[in-house]
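Trainee: With the input below, show me the fold.
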Amino acid sequence: MNKRILNVGKLLTAGLAWLGAMAGSSAGTLSYSFDSFADSTSLTSQYSGLQFTHATILKSGVSLNEFSFPLHSGTNALLDDGGPIVITFATPAQAVSGYFTYLSGLTMSAYDSSNRLLAQTSSAFLSNAADGTGDPGSVANELLSIAAAGGLIARLEISAAADGFSFLLDDLSVTTPATDLPEPASLALVLGGLALMLRRRSKFRHP
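Mentor: So this is what the prediction gives:
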């Protein structure tokens, strides 16, 4: 058999296997610990694809009161500086989560690109500070998650006290939808047609 046909067949088989695996891939999740920033950094657009407002970095051992606000991990967390933290996503998200320690009841509100409210979730307590002032039964670093229902999240608002200085956010996670790819059956038809075309062309070439 023509060696060129064999080589083409191997390439097509490998392509089918790879694309078939990719077709069912899960959504991607990125995590942000805020640990790479200096204390008191105003977080705005330092992370590609994310825009923050009313967000300031507090660092362990510098301006962070770890007795009241222990970290979930690392050295830094994000303070609601002067108002609700608002996160705008260049690529709309499917779900968002984070670990919160707060002095006032906290609410996360998710909006789509048309400013339509998609979902809301609230903290389990009015305060979960770790210095003994938190509500009975509360534990610092409460995990709160929000997912879009019938849409994708273009903007997330996280609010507690109206004038801010009321919560810390640590270890933010953002999940975006998987890239749309054809189903394996469709890929097989496309690649199968390509293989047939290449075999026909090879008849007119020397081995």
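
Trainee: any weak-confidence spans in the protein?
Mentor: Along the chain, the model assigns pLDDT under 70 to residues 1-27, 179-207.

Trainee: if you set the cut-off to 80 instead, what comes out?
Mentor: Filtered on pLDDT under 80, the chain yields the residue ranges 1-27, 178-207.

Trainee: For it, just list every one of the helices.
Mentor: 3-23, 184-202 (DSSP state H).

Trainee: center of the chain, which residue is that?
Mentor: Taking Cα atoms, centre = their mean, the centroid of the chain lies closest to V174, which sits 1.4 Å from it.

Trainee: quick one, what contacts it?
Mentor: The contact partners of V174, taken as Cβ atoms under 8 Å, 6 or more residues apart in numbering, are T29, L30, S31, Y32, L50, F89, A93, A95, V96. The way it works is simple: take the backbone N, C-alpha and C, and place the C-beta from them, glycine included.

Trainee: Any of the residues you listed buried? List them.
Mentor: Y32, L50, F89, A93, A95, V96 (16 or more other Cβ atoms under 10 Å).

Trainee: Can I get the residues you listed in a markdown table including distance to H72?
Mentor: Listed next are these as a markdown table, based on distance: Cβ to Cβ, whole Å:
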| residue | distance to H72 |
| --- | --- |
| Y32 | 12 |
| L50 | 19 |
| F89 | 22 |
| A93 | 20 |
| A95 | 18 |
| V96 | 15 |
